[in-house]
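1. For reference, the sequence and a predicted model appear below.
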Amino acid sequence: MSVSFEKQTKEALKTAGDAIAGDPQNIPGTSGKHPISAAIGTALTGGKEMAGTKGYLAAYMKQLEDNPLRTKMLTAGTLAGAQELIASWLAKDRNKHGNYFTSRVPKMAAYGALISAPLGHFLIWLLQFTFKGRTSLRAKITQIIVSNILIAPIQNTVYLVAMALIAGARTYHQVRATVKVGFWKVMRVTWITSPICLAFAQKFLPDQLWVPFFNIVSFVIGTYINTVTKKKRLAALRKKHFGDNRGDSVGPRPGPGSIGRPEDYKDYPPIGPNPPY
């Protein structure tokens, strides 16, 4: 465990202990009056009896310290799969059996756990190691620039290659077409969100929480863009097969062996622990 992270943890526990001693009725995160918010606060903090020493959040942070890569892999895989499932539900994108749990869900989960998380873990570690101990404004700005110029293109390229393979691409030219069509559009999204999120992480988060933070932001943004992209693709399919007069009908979907077009996936944002998010 790093010295700074251990110090922050001890300070948080001391604050919780002081809260119990001073006013047991006023413990942050445990005084929600609404039943749902109270239940969530108790689950995260452990409730008044444990005062922040236990709960899901504390357990997750401990696992993040003890088994960082494994925890990040499980987090990224879960969020990537959930993002695809939620986007399919919001866009009403069903498979041929009428289910929202399409074949892309486990594939996206595998991508998040086996590719995105390890890659993000290494690249963010390298970024943090390079700027370790440098806290000046100039160093922070340089870190953001390096992240956008060097790290983001690597992650976005790997992401687009994975999306092409998941969509059914089997040849080099199909993969290359996907990367060519989507690279700069994804990079523009990266360059808009990266400075804000990375500056927030620099200011408020310990190093160990950077990857989970990027995961959460990526999940929210990715679910939105994924949903919009699916709706556009389904609308294009309906228009192609039925014409403008049947816009509300559900058209036939590509079969299991069909290959998705590169333009169908060019708007998908990077999934997982990416510095841009």
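-> Cool, the structure landed.
2. T227: which element?
-> helix 210-242 (DSSP states H and E).
3. What does S147 show for phi and psi?
-> The phi/psi pair for S147 (degrees, to the nearest 10) reads phi -60, psi -40.
4. what number of residues lie near it?
-> Look at S147: counted by other CB atoms under 10 Å, it has 23 neighbours. Heads up, the C-betas are built off the backbone N, CA and C, glycines and all.
5. Also the one 4 residues further on?
-> Residues within reach of I151, counting by other CB under 10 Å, total 21.
6. Likewise for A235?
-> 13.
7. That one and G98, how far apart?
-> Taking CB to CB, to the nearest Å as the measure, A235 falls 19 Å from G98.
8. right, and F183 touches N156 too?
-> Yes. Counting by CB atoms under 8 Å, a contact exists between F183 and N156, whose distance comes to 6.6 Å.
9. which of the two has more neighbours?
-> Between F183 and N156, counted using other CB under 10 Å, the more crowded position is N156 (23 against 16).
10. Could you tell me how far that one is located from L234?
-> N156 is 25 Å from L234, where distance means CB to CB.
11. What helices and strands are in contact with the helix holding T227?
-> With contacts taken as 3 or more CB pairs under 8 Å, 6 or more residues apart in numbering; DSSP states H and E, helix 210-242 sits against helix 68-91, helix 117-130, helix 172-204.
12. and the angle from the last one to helix 210-242?
-> The reference is to helix 172-204. For helix 172-204 against helix 210-242, the angle by axes from the mean of the first three to the mean of the last three CA atoms, to 10 degrees is 140 degrees.
13. Tell me the buried residues in helix 172-204?
-> 174-175, 177-179, 181-183, 186-187, 189-190, 193-195, 197-198, 201-202 (16 or more other CB atoms under 10 Å).
14. The first one now?
-> The neighbour-count check on helix 68-91 (16+ other CB under 10 Å) flags 71-77, 79-88, 90-91 as buried.
15. For the chain, name the helix or strand with the lowest mean pLDDT.
-> helix 3-22 (a mean of 50; mean pLDDT, DSSP states H and E).
16. So, low pLDDT: which residues of this structure?
-> Low-confidence segments of the chain, defined by pLDDT under 70: 1-55, 243-277.
17. domains in it, as residue ranges please.
-> Per automatic domain parsing, the domain ranges recorded for the chain read 3-59, 68-264.
18. Single out the most deeply packed of those domains.
-> Ranked by mean neighbour count under mean count of other CB atoms under 10 Å, the domains of the chain are led by domain 68-264, which reaches a mean of 17.
19. Which residues does stretch 77-94 contact?
-> For stretch 77-94, contacts defined as CB atoms under 8 Å, 6 or more residues apart in numbering pick out 100-102, 104-106, 108-114, 116-117, 215-216, 218-219, 222-223, 226-227, 230-231, 233-234, 250, 253, 271-272.
20. ok, and the closest non-adjacent residue to T130?
-> V146 (7.4 Å; CB to CB, 6 or more residues apart in numbering).
21. The one you found: which element?
-> helix 137-146.
22. Contact partners for L69?
-> Contacts of L69 by CB under 8 Å, 6+ apart are A117, P118, H121.
23. do that again at 7 Å, thanks
-> Each residue near L69 by CB atoms under 7 Å, 6 or more residues apart in numbering is listed here: P118, H121.
24. Going forward, the N-terminal residue is numbered 8.
-> Noted, 8 is the first residue going forward, which turns the last one into L76.
25. Give me the distance between it and F108.
-> According to CB to CB, L76 and F108 sit 27 Å apart.
26. before we move on, the earlier item: which SSE is immediately downstream of the helix holding V153?
-> Defined by DSSP H and E, the subsequent element after helix 144-153 is helix 159-174.
27. May I have the distance across stretch 127-145, first residue to last?
-> Taking CA to CA, to the nearest Å, stretch 127-145 runs 24 Å from one end to the other.
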